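Q: Provide a 3D model corresponding to the input given below.
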Amino acid sequence: MPLNHDIDTADEPLKFAYWVPNVSGGLVVSNIEQRTDWSYEYNKKLAVLAENNGFEYALTQVRYMASYGAAYQHESTSFSLALLLATERLKVIAAVHPGLWQPAVLAKLLATVDHLSGGRAAVNVVSGWFKGEFTALGEPWLEHDERYRRSEEFIHVLRKSWTEDAAQFAGDFYRLRGFDLKPKPLTAEGRPHPEIFQGGNSTAARAMAGRVSDWYFSNGKDFDGITEQISEVRAAAAEHDRTVRFGLNGFLIARDTEAEARETLREIVAKADHQAVEGFRGAVQQAGSSTGDKRGMWADSEFEDLVQYNDGFRSKLIGTPEQIARRIVEYKRRGVNLLLLGFLHYHEEVEYFGKHVLPIVRELEAELSSGAGNPEPVGVTR
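A: Residues are numbered from 1 along each chain as shown. Below is the predicted model:
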């Protein structure tokens, strides 16, 4: 039986996650000042700030070597454990790459992390990234849809390892022959194992999410873009009697006035590191262009979009707290369950979010639940 076929998310409060800056260079590829640091001490303080300002999740990034404005990076699974041990409630999602991990070994590692953190471990399965990292490590680089086939098997192995004794699996990429993982991860109502996230915009990614993932992450999108993705993934999930939750990436610039927020965005783009942005674009756009229908990640991203790695400006979370809160709740109305946020100056802006934006979000959610009005923002473009 599908593990999450009966999840009802319509009335749940929106959840918020933040990108962990465990990679140097911040969350924008720009020479603008960023009072953000990739060190553990900075991130430990940030994690505590975040869980005290309305964030339920954090996502650790993963890069394996210097590239495109990120000269240094901490490994994601070990960094996730460190943040979990420094917090009390925050759930930390570790990004991992099939092809660089053996999934049952990762299942063992995450089961241990889950016990050490009291059931707060999660994983984000990343199907495509930099070809150069795989070739530098001497690992084969699969074509686009093959990477998603491998990821789907990877998730099957994780789930079987976590939920079955003497697990068996025979796939094209992975095998289990009586693998018996003990201890298994902690369980809770609605959580039979650590939550499994995935991203990807392509047809293969959407279909895979419907079949096997708990959460589907989207790059930054406007209202119409995310509505189209949610509709397609829901249809794929329904074919398998499943329900998938949806996360949306957004770079949030909240200021006391809209003019201040817009000026910050203008300065970020004006001071973009052109060489790094163009290098990144060249490295990742082959992923989208290699799909048959050209719907892969970054396939239609412009230069300005890629100043924020995951098209975060496209979600248009830029303005006053009220403008942003109204836009966030409109995303909820269209089916988004979680906002994955990046910031320019993390410590200050996470606190500002918790104090000024989140209370308005919760008020608007209450109005939405009671049927009192439409939260769609006035004067904010799609």
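Q: Nearest residue to the residue nearest the centre of the chain in space, please, no chain neighbours.
A: For the chain, F217 is the residue whose C-alpha lies nearest the centre (C-alpha atoms, centre = their mean; 5.2 Å). With sequence-adjacent residues excluded and distances taken as C-beta to C-beta, 6 or more residues apart in numbering, F217 is closest to G199, at 4.0 Å. No exception for glycine: its C-beta is placed from N, CA and C like everyone else's.
Q: try A238
A: Using C-beta to C-beta, 6+ apart, the nearest residue to A238 is G210, at 7.7 Å.
Q: all strands for the stretch 251-382 of the chain, in order.
A: Per DSSP state E, counting those that start in this stretch, the stretch 251-382 of the chain carries strands over the ranges 253-254, 318-319, 338-342.
Q: Equivalent analysis for the stretch 1-150 of the chain, please.
A: Under DSSP E, counting those that start in this stretch, the stretch 1-150 of the chain gives strands at 15-20, 57-60, 91-96, 121-125.
Q: ok, Q34 touching G26?
A: Yes. At 3.8 Å, Q34 counts as touching G26 under the criterion of C-beta atoms under 8 Å.
Q: which residues does Q102 contact?
A: Counting by C-beta atoms under 8 Å, 6 or more residues apart in numbering, Q102 touches Y174.
Q: Repeat that for L181.
A: By C-beta under 8 Å, 6+ apart, the neighbours of L181 are 104, 107-108, 111, 161-162, 167.
Q: Kindly report the same for W162.
A: Contacts of W162 (C-beta under 8 Å, 6+ apart): 107, 111, 181, 184-185, 192-194.
Q: could you dump these to JSON lines with pLDDT?
A: JSON lines is the format used below for these (pLDDT from 0 to 100):
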{"residue": "A107", "pLDDT": "98"}
{"residue": "A111", "pLDDT": "98"}
{"residue": "L181", "pLDDT": "98"}
{"residue": "K184", "pLDDT": "98"}
{"residue": "P185", "pLDDT": "98"}
{"residue": "P192", "pLDDT": "97"}
{"residue": "H193", "pLDDT": "98"}
{"residue": "P194", "pLDDT": "98"}
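Q: So which of those residues are in strands?
A: Judged by DSSP state E, strands contain none of those.
Q: Of the residues you listed, which is the nearest to D224?
A: Nearest to D224 out of the contacts of W162 is P194 (C-beta to C-beta; 32.7 Å).
Q: Can you spell out which residues form a bridge with the spatially closest residue to the closest one that is not a sequence neighbour?
A: Counting by C-beta to C-beta, 6+ apart, A121 is the residue found nearest to P194 once chain neighbours are left out, at 4.6 Å. Here A121 sits in beta bridges with V92, going by DSSP bridges.
Q: Help me confirm that A121 comes into contact with S76.
A: No. A121 lies out of contact with S76 (C-beta under 8 Å); the separation is 11.8 Å.
Q: Mutual contacts of those two, please.
A: In contact with both A121 and S76: A94, using C-beta under 8 Å, 6+ apart.
Q: OK, contacts around A122?
A: By C-beta under 8 Å, 6+ apart, the residues touching A122 are 57, 91-94, 194-197.
Q: Now, of those, which are buried?
A: Buried subset of the contacts of A122 (neighbour count, 16 or more other C-beta atoms under 10 Å): 57, 91-94, 194-197.
Q: From those, pick the one nearest L85.
A: Of all those, L85 sits closest to V92, with 9.9 Å by C-beta to C-beta.
Q: Distance-wise, check that closest one relative to N43.
A: As for V92, its distance to N43 is 11 Å (criterion: C-beta to C-beta, to the nearest Å).
Q: ok, now how distant is the nearest residue to R35 once chain neighbours are set aside from D165?
A: The shortest distance from R35 to any non-neighbouring residue, by C-beta to C-beta, 6+ apart, is to H345 (4.1 Å). Per C-beta to C-beta, H345 is found 49 Å from D165.
Q: so where is the stretch 151-300 of the chain shaky, pLDDT-wise?
A: Along the stretch 151-300 of the chain, segments meeting pLDDT under 70 span 282-300.
Q: now L265: how far from A71?
A: From L265 over to A71 (counting by C-beta to C-beta), the distance is 25 Å.
Q: The two: who's more crowded?
A: L265 (20 against 12; other C-beta atoms under 10 Å).
Q: The more buried one against I318, yeah?
A: Yes. With contact defined as C-beta under 8 Å, L265 counts as touching I318 (5.6 Å).
Q: and for these two, which residues touch both?
A: I253.
Q: Please, where are all the helices along the stretch 101-250 of the chain?
A: 103-116, 131-136, 144-163, 203-212, 223-238 (DSSP state H, counting those that start in this stretch).
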